[in-house]
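> Build me a model from this:
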Amino acid sequence: EVQLVESGGGLVQAGGSLRLSCAASGFTFDDYAIGWFRQAPGKEREGVSCISSSDGSTYYAHSVKGRFTISSDNAKNTVYLQMNSLKPEDTAVYYCAAGSSCPSSMDYWGKGNLVTVSS
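Residues are numbered from 1 along each chain as shown. The predicted model follows:
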């Protein structure tokens, strides 16, 4: 059974930091790109950041570039999203996903983890 389990969300003040984790199981981790997506209330889901498990190449949305860092521990089948200098507009449910092409083609999704940034 494929599982993507997010953790590390919560409430933080603006300017603070959080680290999200995504533990993957049930598929060959190295064959997939892993990405973080988010959906704020009343808004469409957007791709935040992606990493290729095979070559480590990364993608960042313009809105988070320079503030967020994605990394992967292939030995643990886990991807992290370090989020610094958080802003209230970063408030959203953050989802981890795995797919053949990130962010455009994702096959597996986690259940999501709420991040709330207070002003």
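> In contact with Gly15, which residues are there?
Residues in contact with Gly15 (Cβ atoms under 8 Å, 6 or more residues apart in numbering) are Ser85, Leu86. The way it works is simple: take the backbone N, C-alpha and C, and place the C-beta from them, glycine included.
> ok, now Asp31?
Ser53, Ser54.
> confidence score at it?
As predicted, Asp31 sits at a pLDDT of 91.
> Could you do Ser104 as well?
On pLDDT, Ser104 comes in at 89.
> how close does it get to Gln3?
Separation of Ser104 from Gln3 (Cβ to Cβ, to the nearest Å): 23 Å.
> Likewise for Arg45?
Taking Cβ to Cβ as the measure, Arg45 falls 20 Å from Gln3.
> cool, and Asp107?
Going from Asp107 to Gln3 by Cβ to Cβ gives 13 Å.
> Trp36 too?
Per Cβ to Cβ, Trp36 is found 16 Å from Gln3.
> Check Tyr108 too.
From Tyr108 to Gln3 the distance is 8 Å (Cβ to Cβ).
> end to end, how far does stretch 78-88 reach?
Start and end residues of stretch 78-88 are separated by 27 Å (Cα to Cα, to the nearest Å).
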